[in-house]
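Visitor: sequence first, predicted model second:
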Amino acid sequence: MAELIHQPGCTVIELGASYDSLDLDALDEVGGLLLTQAATADPPRLVLDMSQTGFIGSTFIELLVRTWKRLTERGGTMVLCGLQPFCADVLRVTRLETLWRAYPNRAEAVDAIGRH
């Protein structure tokens, strides 16, 4: 499950526990939310709060890349926060941590993206 939170200067998407390739319903739900917000958020700034997400798979990583591309096409940006150890390792191994800044918590991420 994912929750959408509108804050001044950005949109926060708080992600749920697990987004692996085996849970297609969860991936479909969060994928629709991410891509819709990437196309419509005003301003086009997303904070993905992953503090409750313990596991991600390749399909979810593809969704992150697609979301980021859609945002950058609109002149926007995306940051991550609250990365759990497994998720941080996956992003580091795939070198995707070079695309998105990661912050320890939501408050720091919202502050940073608001200054962007």
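Guide: Great, that's in hand. What you see is a predicted model; the values in this text were computed from it and never measured.
Visitor: name the nearest residue to Gly9, sequence neighbours excluded.
Guide: Nearest residue to Gly9 in three dimensions, chain neighbours excluded: Gly114, at 4.0 Å (CB to CB, 6 or more residues apart in numbering). Heads up, the C-betas are built off the backbone N, CA and C, glycines and all.
Visitor: since we're on that neighbour, how many residues are nearby?
Guide: 14 (other CB atoms under 10 Å).
Visitor: relative to Ala2, how far out is Gly32?
Guide: Here the distance between Gly32 and Ala2 works out to 10 Å (CB to CB, to the nearest Å).
Visitor: go on, Trp100?
Guide: 17 Å.
Visitor: those two: who's more crowded?
Guide: Per other CB under 10 Å, whichever of Trp100 and Ala2 has more neighbours is Ala2, with 20 against 17.
Visitor: show me the helices in the chain, by range?
Guide: Per DSSP state H, the chain carries helices over the ranges 24-40, 58-73, 85-93, 106-114.
Visitor: which stretch among the ones you listed comes nearest Val12?
Guide: Taking CB to CB, helix 106-114 is the member of the helices of the chain nearest to Val12, at 6.5 Å.
Visitor: looking at the chain, which helix or strand is least sure?
Guide: strand 18-19 (a mean of 72; mean pLDDT, DSSP states H and E).
Visitor: so what touches it?
Guide: Residues from elsewhere that reach strand 18-19 (CB atoms under 8 Å, 6 or more residues apart in numbering): 26-27, 30, 53-57, 59-60, 63.
Visitor: one more: stretch 107-116?
Guide: 7-10, 12, 45-47, 49, 77, 79-81, 101, 103.
Visitor: quick one, what contacts the residue nearest the centre of the chain?
Guide: Centroid-nearest residue in the chain, with CA atoms, centre = their mean: Leu48, separated by 3.3 Å. Neighbour list for Leu48: 12-13, 15, 34, 64, 78-81 [criterion: CB under 8 Å, 6+ apart].
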